[in-house]
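In: what shape does this take:
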Amino acid sequence: MNLLKENTKAPDFELMDQEGKAHKLSDYKGKWVLLYFYPKDDTAGCTKEACMIRDSWAEFKNKNAVVLGVSVDSVESHDKFHKKYKLPFTILADEEKKVVNQYGVWGENKFMGRVYQGTNRVSYLINPYQKIVKVYEKVKPEIHAEEVLKDLEVRLKK
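Out: Okay, the predicted model is just below:
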């Protein structure tokens, strides 16, 4: 993995959401953005991470933060995942793997002794000026939302 560094500008991109609507990172200038990359819709860790964010949604909104989930799954897969778990945030389809490569999260993975290429569970916290202020390299799905909210709280007090 060749992750982007803290204190660098977050590259802009355009991807389709679960409803087929285009989103650009630059659409969210002026807001905090949690850009979280995850391996696959409707799998154990990814579902846990998405549901923990969903359950903390009011806190994210109170902090003027937007959450954008990204995986290489299709718009159709995202639509099913989004509806099944009643996710209140946007998930983006990167089927061509442009953004996962741009953000350095595509690479070697290991699962149950198998090695394969895929999306690593990595998140970026991006400030309202579109600068990366935190890279979460080893995300634990069950505590990630809480961790990000604590980091946002600290930054908002500055």
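
In: any low-confidence regions in this protein?
Out: For the chain, applying pLDDT under 70 flags the ranges 1.

In: just the helices in it please.
Out: 44-55, 57-62, 75-84, 98-102, 144-157 (DSSP state H).

In: mean neighbour count and distance to Tyr136 added to the ones you listed, as a markdown table?
Out: The C-beta positions use only the backbone N, C-alpha and C, and glycine is treated the same way. What follows is the helices of the chain, written out as a markdown table (neighbours: other Cβ atoms under 10 Å; distance: least, Cβ to Cβ, whole Å):
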| stretch | mean neighbour count | distance to Tyr136 |
| --- | --- | --- |
| helix 44-55 | 18 | 11 |
| helix 57-62 | 14 | 15 |
| helix 75-84 | 17 | 21 |
| helix 98-102 | 17 | 15 |
| helix 144-157 | 16 | 7 |
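
In: show me the one of the ones you listed that comes nearest Thr8.
Out: Checking those against Thr8 by Cβ to Cβ gives helix 98-102 as the closest, at 12.3 Å.
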